[in-house]
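1. next one to model:
(one chain, ligands or ions: 2)
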Amino acid sequence: MGPRLVQRPGPAASLVLRGVRVLDPPAGIDEVRDLVVREGCIGGSPEGLEEIDAAGLVAVPGFVDPHVHLRTPGREDLEDIATGSLAAAAGGFVTIVAMPNTSPVVDTASVLQSLLERGEQEAVVRVGFLAAITRGQSGAELTEQVELAEAGAAGFSDDGHPVADANVMRRALQYQRITGLPLVLHEEDPDLSGEGVMHEGGVATRLGLGGIPSISESVAVARDAALAEYEGGRIHICHVSAAETAEEIRRAKERGVRITAEVTPHHLALNDDAVESLDPTRHKMNPPLREESDREALIAALEDGTLDCIATDHAPHAADEKDVPFEEAPFGVTGLETAFAACHTHLVRTGRMSLELLVRRMGADAAAALGLPAPTLADGAVADVALLDLDERAVVGDEGFQSRSRNSAFLGEELVGRVRLTIAGGQIAWRL
Ligand SMILES: [Zn+2]
Ligand SMILES: [Zn+2]
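-> Numbering: from 1, shown residues only. Ligands and ions are numbered 1, 2, ... in the order given. A predicted model of the protein is given here:
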């Protein structure tokens, strides 16, 4: 029993990055030197290896994304494991974990098994799969969680839908203590969200659009933190968007609840003013972009560890699905390829966060939130490396996307910071 991560077999990377800044904050490494990758592992002799001039570049442990949608099975026209994992590699990610809200839903061991087999053939970075908490994600009957755990599920989530019934959540927490795998929660009170399509606030009023109040998220987190405390279970909160929610998580951590949480690059970089842009459906996601004061609170909470890590909630949609009136468009934006550059541009270059902390929150802390092994640049480790150019500027979308979809919230924006090379699980997964 334990989470299975799968990757396509391929040749082991062997190369030396000359004169690179090697930055691995959890390992206490920050120095300019050569970084050797030999036979897919860190370290060894540089003799005879391909040399890459990496002066001025930064090598960090590859990133981990605990929350992506690969649309497989069922909507391979939007994304599949090959394109989604290549988008991840282009963003410097070496491990990603996919949500089970597919068609069919990943709610049986046989669906999970077939996904793991496809991952072994197609994934250029490591991929893990969450299974559903309830059958068909209908919120009623629990899935066979022990059987799914034995088949290699990385955890359980009904993402896309909240688990509205508190007693179902309570029983899921009782199973959580048996499987040891995280319960990954999309937190929303469906009655409070109603027919809302964006954050309930001044912009929604101005545009005449239905609002999703911040308390829709925070009351759901308060309930589940209380249930987790009562049952001694462990929960991970998806895509925190509101100041009130960060406060609930802070209080829960203070009293010892086993709770972790993630925040997306778009909630850290943007606010609901973006919905007044010329192309508003690019900024329609659930939970919605909230106010500037929320964005500020999320950054502070990520900094002090109330929010543990960054997750993209990469959610591919077709252009024609999004090219409709705001109310009718689906929720969701892509994010794997822009995550580092967006956070580097909006957090590090603005002086809000150090590069060291960003690297932790996108790497070791993201792995820890789901109980996965953390990538490291320590000698002897399997090579999981992202090579970053912190000065390179690129307009999002100008060079296309590796993802099969292009519904990015940052489309057309110039971001600073580029991933030049990704080595995942000892294999070259991306090279610019
Ligand atoms: Zn969600
Ligand atoms: Zn999601």
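
2. relative to residue 378, how far out is the closest residue to ligand 2 within the stretch 301-432 of the chain?
-> Proximity of the stretch 301-432 of the chain to ligand 2 (CB to the ion) peaks at residue 313, 4.3 Å away. (C-beta placed from N, C-alpha, C; glycine too.) Plainly put, residue 313 is 30 Å away from residue 378 if you go by CB to CB, to the nearest Å.

3. now residue 238
-> Taking CB to CB, one finds residue 238 at 30 Å from residue 378.

4. the more surrounded of the two?
-> More crowded of residue 238 and residue 378, by other CB atoms under 10 Å: residue 238, with 24 against 14.

5. find the nearest non-adjacent residue to that one, please.
-> Nearest non-adjacent residue to residue 238, counting by CB to CB, 6 or more residues apart in numbering: residue 186, 5.0 Å away.

6. burial count for that neighbour?
-> 24.

7. next one: residue 167
-> Applying other CB under 10 Å, I find that residue 167 has 9 neighbouring residues.

8. equivalent analysis for residue 189, please.
-> As a burial measure, residue 189 scores 19 neighbours (other CB under 10 Å).

9. lowest-scoring secondary structure element of the protein by mean pLDDT?
-> Ranking every helix and strand in the chain by mean pLDDT, DSSP states H and E puts helix 319-322 at the bottom, with a mean of 94.

10. from the contact counts, what lies against whatever helix or strand comes next after that one?
-> Next helix or strand after helix 319-322 toward the C-terminus (DSSP states H and E): helix 339-343. Here helix 339-343 touches strand 63-68, helix 265-269, helix 355-362, strand 385-395, strand 414-424, going by 3 or more CB pairs under 8 Å, 6 or more residues apart in numbering; DSSP states H and E.

11. of these, flag the one that's most buried.
-> Of the helices and strands packed on helix 339-343, the one with the most neighbours on average (mean count of other CB atoms under 10 Å) is strand 63-68, at a mean of 30.

12. what's it packed up against?
-> Using 3+ CB pairs under 8 Å, 6+ apart, strand 63-68 sits against helix 81-90, strand 93-98, helix 339-343, helix 364-369.

13. may I have the last one as PDB, with CA atoms only?
-> Extracted as PDB, the C-alpha positions of helix 364-369 are listed here (Å, rounded to 0.1, in the frame of the first residue of the first chain):
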ATOM      1  CA  ALA A 364       9.700  20.000  -0.900                       C
ATOM      2  CA  ASP A 365       6.600  21.500   0.800                       C
ATOM      3  CA  ALA A 366       4.300  20.500  -2.100                       C
ATOM      4  CA  ALA A 367       5.600  16.900  -1.900                       C
ATOM      5  CA  ALA A 368       5.300  16.800   1.900                       C
ATOM      6  CA  ALA A 369       1.600  18.000   1.700                       C
END
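
14. now do it, average pLDDT.
-> Per-residue pLDDT over helix 364-369 has a mean of 98.

15. quick one on the thing from earlier: okay, now the residue of the stretch 301-432 of the chain closest to ligand 2: neighbour count?
-> Neighbour tally, residue 313, other CB under 10 Å: 28.

16. how close does it sit to residue 287?
-> Residue 313 is 9 Å from residue 287, by CB to CB.

17. residues that sit against both of those two, list them.
-> Jointly contacting residue 313 and residue 287 under the rule CB atoms under 8 Å, 6 or more residues apart in numbering are residue 239.

18. in the chain, which residue is closest to the centre?
-> residue 311 (2.5 Å; CA atoms, centre = their mean).
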